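A.B. asks: Here you go, sequence then predicted model.
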Amino acid sequence: MKKFMIIAVALCAALVMAAPAMAELVIETDGYMRVRGHSYTGSSLSDAVGNSSTSSYFDQKLRVNNRIKPSENAFVTTRFEAINQSMGTTLGAFDFDRAFLTVKGDWGMFRGGRMSAG
C-alpha cells in the first residue's frame with residue numbers, strides 16, 4: 001500500500017506541475033526478460049564415483065522501466081519487476097523498486113520518491 005501511495009503522489013505532482021504546459025504526454029517503456037537454466041552435477045564431494053547428485057532448475061525475471069513525460073521539465077520514472085521467480089512456483093505480485101518524480105528548472109533539478117541507492 002505504501003508503494004502505491006508513493007507512485008500516486010509522484011504522478012499527481014508531476015501532472016499538476018506540468019498541466020499548464022502540457023502539449024503532449026510521452027510515455028517511454030523499455031526493459032528486459034531473462035530466462036536462465038541451471039544444472040549442477042556432482043556438487044557433493046562426498047558422493048561416490050558414479051553416484052553423483054544432480055540439481056536443475058530454471059528461473060525468470062521481467063523488469064520494465066517506464067518514464068512518463070507530461071513536459072520536458074517534469075517526468076515520472078518507475079521500474080518494476082513483474083516476474084522474478086523459479087519456474088514451477090506461483091507468480092508473485094509486482095515489485096516496484098523505483099518510483100520518483102524529476103522536475104528540472106533554471107534553479108537546478110529536484111527529485112523525490114523512491115530511487116536507487118547508487
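C.D. replies: Sure, I can see it.

A.B. asks: so where do the helices sit in this structure?
C.D. replies: Listed from the start of the chain, the chain has helices (DSSP state H) covering 2-18.

A.B. asks: distance of Asn66 from Ala10?
C.D. replies: As defined by Cβ to Cβ, to the nearest Å, Asn66 lies at a distance of 12 Å from Ala10. Placement of C-beta: from N, CA and C, glycine included.

A.B. asks: if you count what's nearby, which of the two comes out ahead?
C.D. replies: The neighbour comparison of Asn66 against Ala10 (other Cβ atoms under 10 Å) goes to Ala10, with 21 against 17.

A.B. asks: Does His38 touch Asp59 like I think?
C.D. replies: Yes. Using Cβ atoms under 8 Å, His38 makes contact with Asp59 at a distance of 7.3 Å.

A.B. asks: Mind naming the longest strand for the chain?
C.D. replies: The strand of greatest length in the chain, counted in residues with DSSP state E as the criterion, is given as strand 54-71.
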